[in-house]
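Chemist: Predicted structure and sequence below. I'll ask about it afterward.
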Amino acid sequence: MADIDEVLRRISGDDAFRNSLVSDPASALKSYNLGAEDLTRIDRALQRQAEPTLASLLGPSATRLGASPLKMALVAATLAVAGAGIGYVAAGSSGTTPSAFASDAVDMIDCPARGGGSIGQLHRGDRVWVIGRAGGYLAIQHPSQPGRAAWVIAVDVVPDEAVAGLPVVDCEVADATAIDAALPTETPPSSTVDAVTTTVLAPVDVTGPTINLQPERTYIYTGSGVFPCSDEDELEVTVQLSDPSAPTTVVSLVATYVGTNGETLDVLVVPSGSLRWTIGTIDAFAPQSGTSTMTVTVTARDSLGNQTASQFNIEIRASAPVCIG
């Protein structure tokens, strides 16, 4: 009797066997020599039509099931978190030379379906086996703990070839597959497994530029027209921007103060050069004695459209006591 016929006979008359095909198909079928068409027939007998089907659980690229039923389709994944330098660097491996890693890393998660936490990180240059997929995650073989599965967020990787052909697996199947999978090498072995390389995207820049304001002085006098205060009743400021997503642009520079009427008033600001502005004279409802504060707000944007705003304080000095008397 062919193996497939024996399996179908047991499905119809052996409830325990039928239940084991649902809960642990790899173990239930490990002693049978079955092909892809046989798995489809078993799915029909079990009335299993939606994923995960047996074909997806046990690997669509495995030629036959038998002595090694968990030889699934695998993906050799190369992670380049910082976007540069591709190599094989796995903790616990030999014959490798780690490059100068950036601080960026990707967390490996222990079974997200069970709310598992981080069980390590993958860094730029790491190579691992991807052994399956589920929802928004990819299952991988843990690089430093052979035989253990880990999970990474699927959107963090960009495969050279599509991973849609990988089987949909749950955590138990992923753990069983990890035991059977070989450690990755620079050239994936030729066997019944299919391999493609995968790289991890550099983290996307989602923050705006860092803004630094450099005024020629830390204060400005109110308008008086009387020397020497009249030489310091305007203020030139220079803006410095830093951001990895150049070029950057100053969107606006606004100067305000609270007048003696209690209202927030604008001060005239005029561009005076590349990243330089001149803040004009404070006249209307200017303080007549002591000091107060002018607030300079700078808004800037990088090439990705990320925008930030920073505020800086400049001291306002009343010119009357000093220059008018």
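Modeler: Nice, thanks for sending it over. Numbers count the residues shown, from 1 in each chain.

Chemist: tally of neighbours for Ala178?
Modeler: Counted with other CB atoms under 10 Å, residues neighbouring Ala178 total 22. Every residue, glycine included, has its C-beta placed from N, CA and C.

Chemist: Helices along the stretch 1-150 of the chain, start to end?
Modeler: Using DSSP state H, counting those that start in this stretch, the helices found in the stretch 1-150 of the chain span residues 3-13, 15-23, 25-28, 36-45, 54-57.

Chemist: avg pLDDT for the last one?
Modeler: Going back to what we said before, that points to helix 54-57. For helix 54-57, the mean pLDDT works out to 58.

Chemist: that older thread, out of the helices of the stretch 1-150 of the chain, which one sits most buried?
Modeler: Burial of those is given as mean neighbour count (mean count of other CB atoms under 10 Å); helix 54-57 ranks first at a mean of 22.

Chemist: Flag every buried residue along stretch 315-325.
Modeler: Neighbour-count burial for stretch 315-325 flags Ile316, Arg317, Ala318, Ser319, Ala320, Cys323 (criterion: 16 or more other CB atoms under 10 Å).

Chemist: can you list the weak-confidence ranges in the chain?
Modeler: Counting by pLDDT under 70, the chain contains low-confidence residues at 1, 36, 48-104, 124-126, 155-163, 179-204, 325.

Chemist: I'd like to know which of the helices of the stretch 1-150 of the chain is closest to Gln145.
Modeler: helix 25-28 (20.3 Å; CB to CB).

Chemist: gap between Ala318 and Ile282?
Modeler: Distance, Ala318 to Ile282, by CB to CB, to the nearest Å: 10 Å.

Chemist: Find the residues that touch each one of the two.
Modeler: Jointly contacting Ala318 and Ile282 under the rule CB atoms under 8 Å, 6 or more residues apart in numbering are Thr222.

Chemist: Out of the helices of the stretch 1-150 of the chain, which gets nearest to Ile220?
Modeler: Among the helices of the stretch 1-150 of the chain, helix 54-57 sits nearest to Ile220 (CB to CB), with 70.8 Å.

Chemist: Can you name the residues bridging to the residue nearest to Val270 when sequence neighbours are not counted?
Modeler: Among residues not flanking Val270 along the chain, Thr278 sits closest, at 5.0 Å (CB to CB, 6 or more residues apart in numbering). Beta-bridge partners recorded for Thr278 (DSSP bridges): Glu236, Val270.

Chemist: From what I see, Thr278 and Asp233 are in contact.
Modeler: No: using CB atoms under 8 Å, Thr278 is not in contact with Asp233, being 11.3 Å away.

Chemist: Can you pick out the residue with more neighbours from those two?
Modeler: Taking other CB under 10 Å, Thr278 and Asp233 do not tie; Asp233 has more neighbours (22 against 15).

Chemist: Relative to Ala139, how far out is Arg133?
Modeler: Distance from Arg133 to Ala139, by CB to CB: 7 Å.
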